[in-house]
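S.K.: After the sequence you'll find the predicted model.
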Amino acid sequence: MKLTIEQSKLAELLETAYLAVSPKPTDPILGNILLIADVNGTVSAVGTNLNLTIHTTTTANVETQGLAALPAKLLTDTVSNVKGEISLLVENQACIITHNSGKCRLIGGNSHEFPTLPPSKNPTEINLAAKKLQAALEGTLYCANSDETKLVLTGINFDIHTNKWQAASTNGHKLALVTGTLDSEYPEPINFTVPAKSLGELNKILSQSADTSVCNILLSDKTIEFSLPNTKVTSRLLEGEYPKINSLIPRSFEYEFTLERKGFESALKRVSYLAERKQKIVKILWKLKATQATLYTEATDIGDAVDSVLMKPSTSSNSENIGIGLNIDYVLEGLKHISTDEIVVRCNKPTHPVIICPVGGLLNQLYLVMPVEIKQGFERIDTESMKSETEVPPDKEVSDLKANNAAEPIKETKETETVVTVDNETPQVETPPTVAKPTNKGKSSSRSSQPKKEAANA
């Protein structure tokens, strides 16, 4: 094999194929990238880890066609650090790379031993805009489970009915769902689950695709191929029945609030610094008449923080305030993957799932997070926020809390259960351990009793 190619084109080709190469391959041949050159002036690079294969192509001046399996990391690093035009000459599994300031020689493997995923047989074809597919992956990948013992939950589940499609992911405590429509209709329902790791690499490629490109998807029994301009990504599918996502989402809501996303996110970050490091709980009091949400956190022996943001409650027959406890990290993670300026928060009871949706956007997006049950603490938040309303406008930060007005410690917290049905017979219940009650064990009695006396005098 002999060819000449621009460094930038070859570097991009190798970097894309390298996404599928495992850093610790189970077989030495899997640590290589397969280069394919034909007389038509096309050069291809293939990387695989047996679960994911990436095949990408570009153009070059090919003098002699051929194959070469070359060390993936060495080849990629070498090409990325040279400039100008590059010449590749492969003879007897050795590749000589010549550039404008020198040359080097790499010893490769046997190209005929390079493995490939089996080709699709009678695949189902699905066409989806690349930007919509990317938006679906951005909105779901972060909720996929990382626990390999629950293999089916480590993937993104796709479900198609007629011309409607959805992508969903869950780890038992949070759930993400993205829906949209297709140009074609399918008479039979289609359901499949793709490993999140494979889709994570696909998402990197999609971020560089043109806005107008279309992704052609070929679905077979055990594999799926995503075909983009100059690149094909093939992945194995996950076996097993995915939980019934739609049955976990409430059908109706008693409360609905519209907030400015960045303002809500900033308030959460501000109070998060004084939240308990392990629990990371924020208590939010949604005050309908004041059109304000008050956020409160506290950490034993460190301090506490209160903040507020404006919100717009929807027209509802329910005019009572509602207090909800949430894991700050979970909420911030959901907000991070929403790109719109405003969000809608929907909820029912303090122990029921909380839904966060963007206002507008390319696709319909939904994020579900389970609340944390809080036995005590909201009464003091209401008192503190009422004092603050007379001194500070509701859209300003509430600060300078006095020590003797600090809220009572949370007596007991417990994250509510999420039931994830993996099959039709046995539901699996994901329940994190109950947080232990705060204790003054190991502290002197005079020091521990002082806050109680101050609270009683407040």
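M.R.: Looks like it came in fine.

S.K.: just for the protein, where's the confidence low?
M.R.: Of all residues in the chain, those with pLDDT under 70 make up the ranges 210, 315-317, 375-458.

S.K.: Please point out which parts of the lengthiest strand in it sit buried.
M.R.: As assigned by DSSP state E, the longest strand anywhere in the chain is strand 174-195. Using 16 or more other C-beta atoms under 10 Å as the test for burial, strand 174-195 gives 174-178, 180, 182, 192-195. Yep, even glycine has a C-beta here, placed from its N, CA and C like the rest.

S.K.: and which of the residues you listed is nearest residue 368?
M.R.: Ranked by distance to residue 368 (C-beta to C-beta), these are led by residue 175 at 4.1 Å.

S.K.: who's in contact with that closest one?
M.R.: Residue 175 is in contact with 143, 168-169, 245, 248-249, 367-369, 418, counting by C-beta atoms under 8 Å, 6 or more residues apart in numbering.

S.K.: how about the helices of the stretch 251-400 of the chain, start to end?
M.R.: Under the criterion DSSP state H, counting those that start in this stretch, the stretch 251-400 of the chain contains helices at 261-272, 328-336, 378-389.

S.K.: elements contacting the second one?
M.R.: Spelled out, that is helix 328-336. strand 174-195, helix 261-272, strand 281-287, strand 354-358, strand 364-369 (3 or more C-beta pairs under 8 Å, 6 or more residues apart in numbering; DSSP states H and E).

S.K.: JSON lines please, covering these and showing distance to residue 33.
M.R.: Formatted as JSON lines, the helices and strands packed on helix 328-336 follow (distance: least, C-beta to C-beta, whole Å):
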{"stretch": "strand 174-195", "distance to residue 33": "21"}
{"stretch": "helix 261-272", "distance to residue 33": "41"}
{"stretch": "strand 281-287", "distance to residue 33": "47"}
{"stretch": "strand 354-358", "distance to residue 33": "39"}
{"stretch": "strand 364-369", "distance to residue 33": "36"}
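
S.K.: Now render the contacts of residue 175 as JSON lines, adding neighbour count and distance to residue 324.
M.R.: Shown next, in JSON lines, are the contacts of residue 175 (neighbours: other C-beta atoms under 10 Å; distance: C-beta to C-beta, whole Å):
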{"residue": "143", "neighbour count": "26", "distance to residue 324": "20"}
{"residue": "168", "neighbour count": "26", "distance to residue 324": "23"}
{"residue": "169", "neighbour count": "27", "distance to residue 324": "23"}
{"residue": "245", "neighbour count": "21", "distance to residue 324": "22"}
{"residue": "248", "neighbour count": "18", "distance to residue 324": "18"}
{"residue": "249", "neighbour count": "13", "distance to residue 324": "17"}
{"residue": "367", "neighbour count": "26", "distance to residue 324": "15"}
{"residue": "368", "neighbour count": "23", "distance to residue 324": "13"}
{"residue": "369", "neighbour count": "21", "distance to residue 324": "10"}
{"residue": "418", "neighbour count": "22", "distance to residue 324": "16"}
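
S.K.: now, among the residues you listed, which is nearest to residue 137?
M.R.: residue 169 (9.7 Å).

S.K.: Could you measure from that closest one over to residue 235?
M.R.: 15 Å (C-beta to C-beta, to the nearest Å).

S.K.: Show me what residue 36 bridges to in the sheet.
M.R.: Applying DSSP bridges to residue 36 gives these bridge partners: residue 44, residue 67.

S.K.: who's in contact with it?
M.R.: Residue 36 neighbours (C-beta under 8 Å, 6+ apart): 43-46, 67.

S.K.: Repeat the analysis, applying 10 Å as the threshold.
M.R.: Counting by C-beta atoms under 10 Å, 6 or more residues apart in numbering, residue 36 touches 1, 42-46, 55, 57, 65-68, 111, 114.

S.K.: same thing with residue 68?
M.R.: Residue 68 neighbours (C-beta under 10 Å, 6+ apart): 1, 32-37, 75, 88-91, 93-95, 106, 108-109, 111, 114.

S.K.: Now, the residues you listed that are in strands?
M.R.: 32-37, 88-91, 94-95, 106.

S.K.: Of those, grab the buried ones for PyMOL.
M.R.: PyMOL command restricting the ones in strands among the contacts of residue 68 to the buried ones, with burial defined by 16+ other C-beta under 10 Å:
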select buried, resi 32+33+34+35+36+37+88+89+90+95+106
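
S.K.: of all the ones in strands among the contacts of residue 68, which comes closest to residue 199?
M.R.: Of these, the one sitting nearest to residue 199 (C-beta to C-beta) turns out to be residue 33, at 21.3 Å.

S.K.: about what we covered before: what about burial for the contacts of residue 36, which qualify?
M.R.: So, by 16+ other C-beta under 10 Å, the buried ones in these are 1, 43-46, 55, 57, 66-68, 111, 114.

S.K.: hang on, residue 53 in a helix?
M.R.: No: with DSSP: H, G, I helix; E, B strand; the rest coil as the criterion, residue 53 is located in strand rather than a helix.

S.K.: Please point out which parts of the helix or strand hosting residue 77 sit buried.
M.R.: Here residue 77, judged by DSSP states H and E, is contained in helix 72-80. Using 16+ other C-beta under 10 Å as the test for burial, helix 72-80 gives 72, 74-76, 78-79.

S.K.: Give me the most central residue, this structure.
M.R.: residue 142 (1.8 Å; C-alpha atoms, centre = their mean).

S.K.: That residue in helix, strand or coil?
M.R.: Relying on three-state DSSP, one would call residue 142 helix.

S.K.: contacting residues around it?
M.R.: Contacts of residue 142 by C-beta under 10 Å, 6+ apart are 169, 171, 174, 176, 196, 333-334, 336-337, 367.

S.K.: Would you list the phi and psi of residue 207?
M.R.: Dihedral angles of residue 207 (phi, psi; degrees, to the nearest 10) stand at phi -60, psi -20.

S.K.: Distance-wise, check it relative to residue 30.
M.R.: Distance of residue 207 to residue 30, computed by C-beta to C-beta: 26 Å.

S.K.: Neighbour count: those two, which is higher?
M.R.: residue 30 (21 against 12; other C-beta atoms under 10 Å).

S.K.: and the more buried one, that's in a strand?
M.R.: No: read with three-state DSSP, residue 30 is helix and lies in no strand.

S.K.: Test my guess that it contacts residue 48.
M.R.: Yes: with contact defined as C-beta atoms under 10 Å, residue 30 counts as touching residue 48 (6.6 Å).

S.K.: hey, what's in contact with both of the two?
M.R.: With C-beta under 10 Å, 6+ apart as the test, residue 30 and residue 48 both reach 20-22, 114-115.

S.K.: Give me the neighbour count for residue 14.
M.R.: Residue 14: 24 neighbours (other C-beta under 10 Å).

S.K.: Correction: the previous question concerned residue 167.
M.R.: Counted by other C-beta under 10 Å, the residues lying close to residue 167 total 26.

S.K.: coming back round to it: from the contacts of residue 36, pick the one nearest residue 157.
M.R.: Nearest member of these to residue 157, counting by C-beta to C-beta, is residue 55, at 25.2 Å.

S.K.: Alright, calling it a day.
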